[in-house]
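> Can you look at this prediction? I've put the sequence above it.
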Amino acid sequence: AQSVSQHNHHVILSEAASLELGCNYSYGGTVNLFWYVQYPGQHLQLLLKYFSGDPLVKGIKGFEAEFIKSKFSFNLRKPSVQWSDTAEYFCAFFKAAGNKLTFGGGTRVLVKP
Amino acid sequence: NAGVTQTPKFQVLKTGQSMTLQCAQDMNHNSMYWYRQDPGMGLRLIYYSASEGTTDKGEVPNGYNVSRLNKREFSLRLESAAPSQTSVYFCASSEGAVQYFGPGTRLTVT
């Protein structure tokens, strides 16, 4: 079965630290990849997406992610986090056949001021 | 545009009670989805509707029914609520791969 694994359930950082969240998916075909963010008390918002082309994609709020096909990975990075980046982050992939998103379990990030 | 709206925001039910969660989108999207979100499990798909008049089961459909009333509205019904259905429920819509989410309904079943 297709799945998405996020390696860390909880991450605690200080402001200005760098962030990297791991994401691996298991599916051999063509996928579209996403990172969604959920700020406390809010709904999910799209952070960035990868469909094709340059494997390094840039999203909102200084986030970027790199698609490495050989490793089935799509890790999220931010060089310097802010307190306002405290949120839960979800990796997801979309397989066109089936018209469905498959989500990882999420990573809660707490940024200490 | 309001995007995706959901009602109610909060609900408490007793075991065995029924209720319907409402969802509407004003983006003219064909596809709509219902997810539940539980700690450590991400979002799991309950049901989805690829277009008006069609519905399909997702990963965790047991205990739920859905109705795609028209292109805008997609409701989720719990006929006999159980404590295991305590969760946060999100509706989403899409045209293509990018999904847009509603604000969620926090449901507690006692």
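In hand now; what should we look at?
> in the sheet, who's paired with residue A:100?
residue A:95 (DSSP bridges).
> what's near enough to touch it?
A:94, B:33, B:45, B:48, B:58 (Cβ atoms under 8 Å, 6 or more residues apart in numbering or on different chains). Glycine gets a C-beta too; all of them are placed from N, C-alpha and C.
> one more time with 10 Å
Counting by Cβ atoms under 10 Å, 6 or more residues apart in numbering or on different chains, residue A:100 touches A:2, A:92-94, B:31, B:33, B:45, B:48, B:50, B:56, B:58-59, B:94, B:97, B:99.
> what about stretch A:59-68, start to end distance?
17 Å (Cα to Cα, to the nearest Å).
> which non-adjacent residue is nearest residue B:37?
Distance criterion Cβ to Cβ, 6 or more residues apart in numbering or on different chains; nearest residue to residue B:37, sequence neighbours excluded, is residue B:88 at 4.5 Å.
> which secondary structure elements does the strand or helix carrying that neighbour contact?
Using DSSP states H and E, residue B:88 sits in strand B:87-94. In terms of contacts (3 or more Cβ pairs under 10 Å, 6 or more residues apart in numbering or on different chains; DSSP states H and E), strand B:87-94 is packed against strand A:100-103, strand B:4-7, strand B:19-25, strand B:31-37, strand B:43-49, strand B:74-78, strand B:99-101, strand B:105-109.
> And the residue of chain A closest to chain B?
residue A:103 (3.8 Å; Cβ to the nearest Cβ).
> Against residue B:100, how distant is that residue?
15 Å (Cβ to Cβ, to the nearest Å).
> Let me know the next secondary structure element after whichever strand or helix holds residue A:4.
Using DSSP H and E, residue A:4 sits in strand A:3-6. Sequence order places strand A:10-14 as the next helix or strand after strand A:3-6, per DSSP H and E.
> From the contact counts, what lies against that next one?
strand A:19-21, strand A:107-112.
> Give the partner strands of the strand holding residue B:88 in its sheet and their orientations.
Applying DSSP bridges, one finds strand B:87-94 paired with strand B:31-37 (antiparallel), strand B:99-101 (antiparallel), strand B:105-109 (antiparallel).
> which bits of chain B sit near chain A?
Those residues of chain B that sit near chain A, judged by Cβ under 10 Å from any Cβ of the partner chain, are B:3-4, B:6, B:30-31, B:33, B:35, B:37-45, B:48-51, B:56, B:58-59, B:88, B:90-92, B:94, B:96-104.
> just to revisit the earlier point, wait, what's in contact with the residue of chain A closest to chain B?
Per Cβ under 10 Å, 6+ apart, neighbours of residue A:103: A:3-4, A:6, A:34, A:36, A:44, A:90-93, B:35, B:37, B:41-45, B:59.
> Need the pLDDT of the residue lying closest to residue B:25 once chain neighbours are set aside.
The shortest distance from residue B:25 to any non-neighbouring residue, by Cβ to Cβ, 6+ apart, is to residue B:93 (4.1 Å). Among the per-residue scores, residue B:93 holds a pLDDT of 96.
> if you compare the strands paired with strand B:87-94, which one is most tucked away?
Among those, strand B:31-37 has the highest mean neighbour count (mean count of other Cβ atoms under 10 Å in any protein chain shown), at a mean of 25.
> That strand vs strand B:74-78, what angle?
Strand B:31-37 and strand B:74-78 meet at an angle of 40 degrees, taking axes from the mean of the first three to the mean of the last three Cα atoms, to 10 degrees as the criterion.
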